[in-house]
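S.K.: Have a look; sequence and predicted model below, questions after that.
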Amino acid sequence: MQFEEIISELESLSNPEEVEGRARFGINHTKTYGVRMPELRRIAKAAGKDHVLAEKLWNAGYGETKILAGLIEDPKMVTESQMENWVAGFDSWDVCDQCCINLFRKTPFAYKKVFEWSTREEEFVKRAAFAMIAVLAVHDKKADDEKFEKFFPLIIRESVDNRNFVKKAVNWALRQIGKRNLNLNKRTVEIAEEISTIDSKSAKWIAADAIRELTSEKVHERLKKK
């Protein structure tokens, strides 16, 4: 599919009611069509991997075109400067998370960017750091425990950030590390207990929510079967 075809398809699928519904979940783009993910995946599959098309879609500036850009882009073609440009253009948690899941985690810069972006003040840049930890914990099956233990100081440090989209991502990162294996589960619960002693409302919420899930029978039964 060509750029013009994709834009035409998005316009035909545009749904104002979907836009209103998303706003209730904190998805607020300046520009959006209101097209759902299954449709975006269908369009991306038809388009195939295409670096030039991905850049055009990103620059179009709509929430859906940015998500499509992440689906269509070839991870082997991604540069650090491109990642920096895209992360600066995150304007909503769905674009942030989808780009991390579909593209950024597959680049050679994924782990490096976690450490860099976790120190940044922009809400969605910082969220990207912790979303990346969460998706790497799920998808990077071959990584050793030590790689994820290096993220604990970042999680502790940023657990005091009260901004909704940051604290939820920090919590997400902590929970996903704790669901990799029994050893990391034990270590993550210890880290969560340490976070719970911090005098911060967000830190206490992050810790309590993580401990509740990671000590549950359901999680432990699944980890024992691994």
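M.R.: Ah, there it is.
S.K.: Around residue 89, how many other residues sit close by?
M.R.: Residues near residue 89, counting by other C-beta atoms under 10 Å, number 15. (C-beta placed from N, C-alpha, C; glycine too.)
S.K.: Mind pulling up the pLDDT for it?
M.R.: For residue 89, the model assigns a pLDDT of 93.
S.K.: cool, and the one 4 residues further on?
M.R.: What the model reports as pLDDT for residue 93 is 93.
S.K.: cool, and the one 5 residues further on?
M.R.: At residue 98 the predicted local distance difference test score is 97.
S.K.: Could I have the CA atoms of the host helix or strand of it written out in CSV?
M.R.: Take DSSP states H and E as the rule and residue 98 turns out to sit in helix 93-102. Output in CSV follows, covering the C-alpha atoms of helix 93-102 (Å, rounded to 0.1, in the frame of the first residue of the first chain):
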residue,chain,number,x,y,z
TRP,A,93,0.4,6.4,26.1
ASP,A,94,-1.0,4.2,23.3
VAL,A,95,1.6,5.6,20.7
CYS,A,96,4.3,5.2,23.3
ASP,A,97,3.5,1.7,24.2
GLN,A,98,2.8,0.5,20.7
CYS,A,99,6.1,1.8,19.4
CYS,A,100,8.0,0.2,22.2
ILE,A,101,6.2,-3.2,21.7
ASN,A,102,6.3,-3.2,17.9
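S.K.: Contacts for that helix next, please.
M.R.: Residues outside helix 93-102 that contact it (C-beta atoms under 8 Å, 6 or more residues apart in numbering) are 22, 26-27, 29, 37, 63, 66-67, 69-71, 86-87, 90, 124, 127-128, 131-132, 135, 165.
S.K.: What about those residues, which are in helices?
M.R.: 22, 37, 63, 66-67, 69-71, 86-87, 124, 127-128, 131-132, 135, 165 (DSSP state H).
S.K.: Tell me, how many residues neighbour the residue nearest to residue 163 when sequence neighbours are not counted?
M.R.: In this structure, residue 163 finds its nearest non-sequential neighbour in residue 123, 5.3 Å apart by C-beta to C-beta, 6 or more residues apart in numbering. Neighbourhood size, residue 123 [other C-beta under 10 Å]: 18.
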